[in-house]
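Q: The amino acid sequence is not available; the structure is as follows:
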């Protein structure tokens with residue numbers, strides 16, 4: 001299977017119904033950290049079979065592109081979530097106790113799904129905000145990321161048809177600034193896997209224009225809608241913890257993003273639609289949103305994007321058939337409501 005970006009865009013367009021309902025999502029993030037027992041409510045630790053069942057449930061929903069948000073996150077001392085031989089990663093245990101990348105790719109092969117591998121954040125999660133002009137931070141980060149990419153390519157990309165591309169896990173505010181990190185990695189990904197896309201996910205107040213979009217070597221820009229915590233952009237820049245604050249102007253925000261891409265049609269524009277909410281006052285303790293709110297997010301962003309990716313399935317979107325019940329009843333309620341709507 002070869003990922004065809006135009007085909008993905010056609011899927012998005014074909015899901016628009018005669019009554020102008022928003023299209024169903026084509027993709028979802030899957031955070032390995034969300035699968036760690038205790039991060040979200042759940043009956044027991046997640047097993048390989050649970051992950052396979054999760055992919056089957058997503059396939060039933062019509063979600064056939066899975067983005068593993070990160071294959072390592074050593075900043076949290078979580079280590080790698082796959083069988084790595086890289087010293088910096090093996091210094092920490094795999095808290096899932098199984099090779100998540102292998103399990104996801106093998107099950108995706110059975111379901112004819114696609115998987116984008118997020119390379120991870122290393123030990124510098126804010127690099128693309130404050131470290132791209134510091135060689136002492138940038139060069140080590142690039143070195144680790146390139147070793148991870150090469151290892152993932154050798155271990156998985158050539159073995160599984162479901163391998164569909166790459167996700168550069170570091171988020172960003174200023175796309176031109178962050179491209180000092182993105183571009184060398186995107187070039188390596190394109191060299192190793194020609195025709196496979198590279199995705200990034202800018203934050204809720206990205207700084208960009210047509211020129212910086214064109215200069216960035218990424219292929220898919222999955223802009224975060226930033227609804228979950230009610231993000232208020234600069235100059236105030238704060239979390240209001242009221243989703244309505246962000247929802248009010250969400251359509252205009254994505255209209256602006258779309259204008260940047262109008263001059264660069266080869267740079268695909270997606271929306272990352274957040275399935276979670278927080279009560280504050282701290283940025284923590286996320287819980288599943290209600291479907292009526294998520295539908296409004298879809299209605300706001302749909303006219304301006306080519307694809308929809310949910311954030312995320314783990315802990316916020318749970319099949320009623322799940323034996324783990326990650327995220328609790330609210331996650332099952334969101335799954336059921338979305339499934340009923342998407343079937344209509």
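A: Right, received. Where do you want to start? This is a predicted model, so every value here is computed, not measured.
Q: which non-adjacent residue is nearest residue 237?
A: Nearest non-adjacent residue to residue 237, counting by C-beta to C-beta, 6 or more residues apart in numbering: residue 205, 7.1 Å away. In this view, the C-beta of every residue, glycine as well, is placed from N, C-alpha and C.
Q: Buried residues of the helix or strand that contains residue 255, list them for me.
A: Using DSSP states H and E, residue 255 sits within helix 250-262. Buried residues in helix 250-262, counting neighbours by 16 or more other C-beta atoms under 10 Å, are found at 250, 253, 254, 257, 258, 260, 261.
Q: cool, stretch 270-284 as well?
A: Along stretch 270-284, these residues count as buried under the neighbour rule (16+ other C-beta under 10 Å): 270, 271, 272, 273, 274, 275, 276, 277, 278.
Q: Could you do stretch 176-194 as well?
A: 176-179, 181-183, 185-186, 188-190, 192-193.
Q: what do you get for stretch 148-162?
A: The neighbour-count check on stretch 148-162 (16+ other C-beta under 10 Å) flags 148, 149, 151, 152, 153, 155, 156, 157, 160, 162 as buried.
Q: The stretch 1-150 of the chain: strands as residue ranges?
A: Per DSSP state E, counting those that start in this stretch, the stretch 1-150 of the chain carries strands over the ranges 27-30, 65-68, 114-118.
Q: got CSV for those strands, with mean pLDDT, mean neighbour count and distance to residue 297 too?
A: As requested, the strands of the stretch 1-150 of the chain are exported to CSV (pLDDT from 0 to 100; neighbours: other C-beta atoms under 10 Å; distance: least, C-beta to C-beta, whole Å):
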stretch, mean pLDDT, mean neighbour count, distance to residue 297
strand 27-30, 98, 25, 14
strand 65-68, 98, 26, 18
strand 114-118, 98, 26, 22
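Q: Reformat these as CSV; add distance to residue 244.
A: CSV is the format used below for the strands of the stretch 1-150 of the chain (distance: least, C-beta to C-beta, whole Å):
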stretch, distance to residue 244
strand 27-30, 24
strand 65-68, 28
strand 114-118, 30
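Q: Just the endpoints, please. Distance across stretch 228-237?
A: By C-alpha to C-alpha, to the nearest Å, the extent of stretch 228-237 from end to end equals 15 Å.
Q: ugh, typo on my part, it should be stretch 279-288
A: Terminal-residue distance, stretch 279-288 (C-alpha to C-alpha): 11 Å.
Q: one step back: what about the strands of the stretch 1-150 of the chain, which gets the closest to residue 136?
A: strand 114-118 (24.6 Å; C-beta to C-beta).
Q: Distance from that closest one to the middle of the chain?
A: Offset of strand 114-118 from its chain centre (C-alpha atoms, centre = their mean, to the nearest Å): 9 Å.
Q: same thing with stretch 322-331?
A: Chain-centre distance of stretch 322-331: 20 Å, with C-alpha atoms, centre = their mean.
Q: before we move on, back to that, which residues does the helix holding residue 255 contact?
A: Contacting residues not belonging to helix 250-262 are listed as 206, 208-210, 213, 221, 223, 225, 227, 267-269, 271, 297, 300-301, 303-305 [C-beta atoms under 8 Å, 6 or more residues apart in numbering].
Q: make it 7 Å
A: 208-210, 213, 223, 225, 227, 267, 269, 271, 297, 300-301, 304-305 (C-beta atoms under 7 Å, 6 or more residues apart in numbering).
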